[in-house]
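1. I would like the atomic coordinates for the input below:
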Amino acid sequence: MTKTIAGTEIDVNEEGYLTNASQWNEAIAAAIAAEESVGPLTDAHMKVIRYLREQQAKGAALTIRSMGKSGVVTTKELYDLFPGGPLKKSSKIAGIPKPVGCI
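-> Take a look at the predicted model:
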């Protein structure tokens, strides 16, 4: 299915996650963040988002624990930046599939 975000038609699944990561850009990230009640996006948010996109491109399994050990952000900071489902929300904003461990 498609959805218009930040004036761009993008492909999403039934939960609103992008199904084509190449359609992602920072304007789309900011619009999704606003929908998810996160933001405005700061450098700290973008550091996490860029890290998630890099890890996804490598095929790495993403977990809150691995994020906390990444050196990019502590687990507490991740919860502070993306309250109410930090990995789920940050992945959606990053334009990557929902991590397997997220409900």
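2. neighbours around Arg53, how many?
-> Neighbour count for Arg53, taken as other C-beta atoms under 10 Å: 17. (Each C-beta comes from the backbone N, C-alpha and C, glycine too.)
3. just the CA coordinates for the helix or strand containing it, please, in PDB.
-> In this assignment (DSSP states H and E), Arg53 forms part of helix 43-58. What follows is helix 43-58, C-alpha atoms only, in PDB (Å, rounded to 0.1, in the frame of the first residue of the first chain):
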ATOM      1  CA  ASP A  43      21.500  15.300  16.100                       C
ATOM      2  CA  ALA A  44      21.200  12.600  18.800                       C
ATOM      3  CA  HIS A  45      18.100  11.200  17.100                       C
ATOM      4  CA  MET A  46      19.800  11.200  13.700                       C
ATOM      5  CA  LYS A  47      22.900   9.500  15.000                       C
ATOM      6  CA  VAL A  48      20.600   6.600  16.100                       C
ATOM      7  CA  ILE A  49      18.700   6.600  12.800                       C
ATOM      8  CA  ARG A  50      21.900   6.600  10.700                       C
ATOM      9  CA  TYR A  51      23.300   3.700  12.900                       C
ATOM     10  CA  LEU A  52      20.100   1.700  12.400                       C
ATOM     11  CA  ARG A  53      20.100   2.200   8.700                       C
ATOM     12  CA  GLU A  54      23.800   1.100   8.500                       C
ATOM     13  CA  GLN A  55      23.200  -2.000  10.600                       C
ATOM     14  CA  GLN A  56      20.100  -2.900   8.600                       C
ATOM     15  CA  ALA A  57      22.100  -2.600   5.400                       C
ATOM     16  CA  LYS A  58      24.600  -5.100   6.900                       C
END
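4. quick one: contacts of that helix?
-> 21, 24, 26, 29, 33, 38-39, 41, 62, 67, 70, 72-73, 77-78, 81-82, 90-91, 93-97 (C-beta atoms under 8 Å, 6 or more residues apart in numbering).
5. weed out the non-buried ones from those residues.
-> Among those, those buried by neighbour count (16 or more other C-beta atoms under 10 Å) are 24, 29, 33, 38-39, 41, 62, 67, 70, 72-73, 77-78, 81-82, 90-91, 93-97.
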